[in-house]
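[1] Pasted the sequence and its predicted model underneath.
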Amino acid sequence: MEVGQKPQHPAPSSSAQRLPAPAGAEETQRVSAAATRVDLPGTALLVQEDAVAPSLSGGADRGGVAAAAGDGLGRPLGPTPSQSRFQVDLVTENAGRAAAAAAAAAAAAAAAAAGSTTEPPKDGKASGESGAGKSSEEAKGRFRVNFVDPAASSSADESPSDAAGIGGEGANVSFQNGGDTVLSEGSSLHSGSGGGGGHHHHYYYDTHTNTYYLRTFGHNTMDAVPRIDHYRHTAANLGEKLLRPSLAELHDELEKEPFEDGFANGEEGTPTREAVVTYTAESKGVVKFGWIKGVLVRCMLNIWGVMLFIRLSWIVGQAGIGLSVLVIAMATVVTTITGLSTSAIATNGFVRGGGAYYLISRSLGPEFGGAIGLIFAFANAVAVAMYVVGFAETVVELLKEHSILMVDEINDIRIIGAITVVLLLGISVAGMEWEAKAQIVLLVILLLAIVDFVIGTFIPLESKKPKGFFSYQSEIFTENFGPDFRDEESFFSVFAIFFPAATGILAGANISGDLADPQSAIPKGTLLAILITTLVYIGIAVSVGSCVVRDATGNINDTITMELTNCTSAACKLNFDFSSCETTDCDYGLMNNFQVMSMVSGFAPLISAGIFSATLSSALASLVSAPKIFQALCKDNIYPAFQMFAKGYGKNNEPLRGYILTFLIALGFILIAELNVIAPIISNFFLASYALINFSVFHASLAKSPGWRPAFKYYNMWISLIGAILCCIVMFVINWWAALLTYVIVLGLYIYVTYKKPDVNWGSSTQALTYLSALQHSIRLSGVEDHVKNFRPQCLVMTGSPNSRPALLHLVHAFTKNVGLMVCGHVHMGPRRQAMKEISIDQAKYQRWLIKNKMKAFYAPVHADDLRDGAQYLMQAAGLGRMKPNTLVLGFKKDWLQTDMRDVDTYINIFHDAFDIQYGVVIIRLKEGLDISHLQGQDEEEDGKTPTQPLLKKEPKGPAAPLNVADQRLLEASTQFQKKQGKNTIDVWWLFDDGGLTLLIPYLLTTKKKWKDCKIRVFIGGKINRIDHDRRAMATLLSKFRIDFSDIMVLGDINTKPKKENIVAFEEMIEPFRLHEDDKEQDIADKMKEDEPWRITDNELELYKTKTYRQIRLNELLKEHSSTANIIVMSLPVARKGGVSSALYMAWLEVLSRDLPPVLLVRGNHQSVLTFYS
């Protein structure tokens, strides 16, 4: 069949349609129910019936496949982490030809061919031994690939398109070479009932949608087609995560095991079938809301608060119709921008429970998210109290009107409030379904109250005229259009009173976990709610301003009987004289009566019901929001103390503990009953979260992260930034001290979370922006030429695994921390395949180790054939732009006398390579040694993820043996640079001018806290007759460099011949490495020198005699002058490449630095790193 051609068989992907079995299928079909056969020309690919088929390596624990192991329900189990997803066995030519014949024939012929191939052997050996009887050597290049599909296990009673993507009864799939369909046989998986069950049903599936490892485009390939299950989080409750074939499975050589544990890239295995089944069973009873019930209703109820019925008329009286509309519009601008930003974040990926907290934390990271989550949950809890007290006040007003108070006003509010909040808690705890039903009832009452008011405005009753209501009159509209601020009110104070009425837009987003499709519900519901509520607010403001005058006496006798010619007020024109209100306080009119809407309405009790509805619905929404947000916050474990509140109960995972906490907080504030102090703080808490939601969108857009691609396109990063700034301004407009308090609380929580560093990684825009700024600065830096004033030692430290040489690491870190770059180089040698695997594991592990140990360094592993090649790769390729190493740091090769001299040759050649590449070189020697990897054994698990491996060998785990004295000293020495260094000296032996690196490193050490008490002593070579002159010259130079020193010593006796016993000791040390060419025939000597280039020739020894004596003499002087120093920094002698053999150079370094305190042998690249010019 051509690629792209439609399959000839019907291929239902989800409808599990049963087709009759072909005649004789039960008898002829010999392939086991648990087997998958892939037919390739010349190759038979079969999965066996055996419980476990061992791989060629013989270990079922490493590559074996549980092909037919059942779970008792006739389903194959998923692989354990130690199983490979496929294995390879050799197959003979015969079996291959049989398979090729099977491929060419029709379905019946295929069955017959399978029969002639004979059943696969039970022991898992190459089928050639039992089939055609030929030796397996003939089958070179032929393989049998045993596939295991961990997820393709579904039973007849379940949904055909289950999470694994293979429907129907069985997971038994045989490929037809003809096209894109797969024949799926369903039969019992018990190996005992293989032939007698008669359960062979055939299903055809479209492999484009239902394959895991089946053919992709009509070809027998393991590549999987793109599908959603490959992209799921392992923890997601949306369906099962599938693993696409790893690169190793597709790319690695087939005859070897592709990977040890069967899973690539550190991914976990597919969740077991049981987990999926459990989840499906549980999820059947879960209540999920659509956009109307879940978001629109909730937002509208939360936005329409008491303000609509009690304060809006007063605002119109103060600000006039024009400015009232402006106030509403300004509030709407802020909420709309926030609504757009919320929509953008909510549509940028799957949204879980936690509302504003979830949106902010996943965008800006745990620091901002944790701060906002806590105050937002608290604000919602206190808002419950605020709304309930609003409700209780209205009830108490009614009781007062009818003179039936229980105790007194304050206590009545407390009693009614407490009873109300208990009832609301009952509704909430009963479950989200009941709460949603209650919200619908409350919305209906609220809408009826609004309609009642609108109808009332058209019915001008004579009895209402003295109270200031005249129905729609142009005179009243004109008079009320302009502002009339009284009692020290202003535009901004009126705005501050109104703005809380516009909040509540996050009510839908706050229960994001209970929405069926948060991505579409949150934008639609939130924005539509803002539109509807704004239109209603504006409509009521205009109508009440057109119907009711600002002041009215309520006295029916204030009518005007005779015609007045000089009428100015609207009331006067409508034959009422309310002029007395200018001198005395009246009780009616927009300015004086908060119950104007009740008075205007057709049926006053409905307005009271509307007030009850508005307050209770807002209280209910807040009572549900607070625990949900708090639960999400606790689940993320940002504040470990609150972990107990993360637990959910029932099928909807209800946060009952959170409900109780919210109830107690609300009850506490209700009993205070003084909410005028609390209200502005709550408004500011809400505004702070709005500001951060807006800022999140701006920040994510600014970071240009490829992961930021919201489905909601109607947002703009700059408008979001304006929205964030507006929110901050409004916070100060509402209440400046509350705004400052909010900032302090958010900042305090931010600092706390930053300090605690929760172990989460949500791919926040903060990370994206950090990357972007680092990238931009690196590129900008590349365009700037290096300047000597800005020189920094940027060190490539050959540490191996960083934890194996701590002294080396800490000493270099002491002079590079916050000054220069430090890269820990690690050369992996040995088999490439194994090394590549180790590198990928080590990369993350050791970088984490460095961060955990507060090392400001990078880890750079490479694979190479030997250490020299690896060091060359690192020196040439490590770093980025200007941030490239310029100094190579190595530990001294302590065991060079006992080791293979080829290794010493390699070691010395690394120095030559470094000088060739214009690197400075630093060699660090501690007399105890540096490498402690043999003492670590199986190191502690650094971060609970992977045990660290020592550099080369791993000690067997067992009882810890007591350390010998040398090892004890080595361990103590390895930590010596982590301690404070005390008042001692750093001795600098600046014998040769290398550009100043020998002097710069000790200076940088003294700038660090641990080394700041150490004094620098400088030693230089000179002539005995001009010691004073040399000392003065050096003092002048150091003062120009602005480097403090305690003493300068000029050594006039450097060139004195060393002691005889030291010369003899040196000669004894190098004796095994000498060539002694004078005692051998010429050609033998030449051959030996060619084979062992590190050998020391007699000629070379004579030529460099003076230099040899100088190293021995310097060691004597070092012991004499610097044996008590904390550290010695000394010029490294340079050996001419090709002139000085590796053994002689190594002997020089050995004799120079032997039996001394820690020594740094330093040689810069002879370019100035110090300057005295400004």
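    That came in fine, so what should we check first? Everything numeric in this text was worked out from a predicted model, so none of it was measured.

[2] Just confirm Tyr873 is within a helix.
    Yes: assessed with DSSP: H, G, I helix; E, B strand; the rest coil, Tyr873 lies in a helix.

[3] the strands in the stretch 1051-1174 of the chain, which residues?
    Using DSSP state E, counting those that start in this stretch, the strands of the stretch 1051-1174 of the chain run over residues 1127-1131, 1159-1163.

[4] Break the chain down into its domains, please.
    If you go by the TED database, the domain ranges for the chain are 299-756, 788-923, 985-1163.

[5] of those, which approaches Lys979 most closely?
    domain 985-1163 (7.1 Å; CB to CB). (C-beta placed from N, C-alpha, C; glycine too.)

[6] I'd like the mean pLDDT over the closest one, please.
    For domain 985-1163, mean pLDDT is 86.

[7] cool, stretch 445-452 as well?
    92.

[8] List the buried residues for that stretch?
    Across stretch 445-452, burial judged by 16 or more other CB atoms under 10 Å covers Ile445, Leu446, Leu448, Ala449, Ile450, Asp452.

[9] how far is the host helix or strand of the last one from where the chain is centred?
    Element membership for Asp452, per DSSP states H and E: helix 432-457. Computed by CA atoms, centre = their mean, to the nearest Å, the separation of helix 432-457 from the middle of its chain amounts to 43 Å.

[10] And stretch 299-311, what's buried?
    Counting neighbours by 16+ other CB under 10 Å, stretch 299-311 gives 299-311 as buried.

[11] among the domains of the chain, which is nearest Val286?
    domain 299-756 (5.4 Å).

[12] now the end-to-end length of that closest one.
    One end of domain 299-756 sits 35 Å from the other (CA to CA, to the nearest Å).

[13] related to what we said a few turns ago, could the domains of the chain be laid out in a markdown table, adding distance to Gln978?
    Below are the domains of the chain laid out as a markdown table (distance: least, CB to CB, whole Å):
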| stretch | distance to Gln978 |
| --- | --- |
| domain 299-756 | 22 |
| domain 788-923 | 5 |
| domain 985-1163 | 8 |
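
[14] quick one: average pLDDT of the host helix or strand of Ala377?
    Assigned by DSSP H and E, Ala377 belongs to helix 366-401. Mean pLDDT, helix 366-401: 85.

[15] where in the stretch 851-1000 of the chain is pLDDT low?
    Scanning the stretch 851-1000 of the chain for pLDDT under 70 picks out 937-961.

[16] Recalculate using a threshold of 50.
    For the stretch 851-1000 of the chain, the stretches with pLDDT under 50 are 938-959.

[17] Please, where are all the strands along it?
    Secondary structure of the stretch 851-1000 of the chain (DSSP E, counting those that start in this stretch): strands at 858-863, 887-891, 920-925, 985-989.

[18] Return the list of strands paired to the first one, each annotated with direction.
    I take that to be strand 858-863. Strand 858-863 sits in its sheet next to strand 822-828 (parallel), going by DSSP bridges.

[19] So what touches the partner strand?
    With CB atoms under 8 Å, 6 or more residues apart in numbering as the test, strand 822-828 has contacts from 794-802, 809, 812-813, 816, 835, 838-839, 842, 846, 850, 855-864, 867, 869-871, 874, 878-879, 885.

[20] Least confident of the buried residues of stretch 299-311?
    In terms of pLDDT, the weakest of the buried residues of stretch 299-311 is Val306, which scores 74.

[21] In space, what's closest to that residue - neighbours in sequence excluded?
    Gly390 (4.6 Å; CB to CB, 6 or more residues apart in numbering).

[22] Also Asp229?
    Spatial nearest neighbour of Asp229, excluding adjacent residues (CB to CB, 6+ apart): Leu242 at 4.1 Å.

[23] right, and the one you found touches Ile228 too?
    No: counting by CB atoms under 8 Å, Leu242 stays clear of Ile228, with 9.2 Å between them.

[24] okay, those two: which has more neighbours?
    Neighbours per residue, other CB atoms under 10 Å: of Leu242 and Ile228, the larger number sits with Leu242, 22 against 10.

[25] helix/strand/coil for the more buried one?
    Assignment for Leu242 (three-state DSSP): coil.

[26] before we move on, what about Pro226?
    Criterion first, three-state DSSP; result for Pro226: coil.

[27] one step back: the helix holding Ala377: which residues count as buried?
    366-396.

[28] From the contact counts, what lies against it?
    Other elements packing on helix 366-401 under the criterion 3 or more CB pairs under 8 Å, 6 or more residues apart in numbering; DSSP states H and E are helix 306-310, helix 355-364, helix 409-429, helix 604-635, helix 656-672, helix 678-703, helix 736-756.

[29] Okay then, goodbye and thanks.
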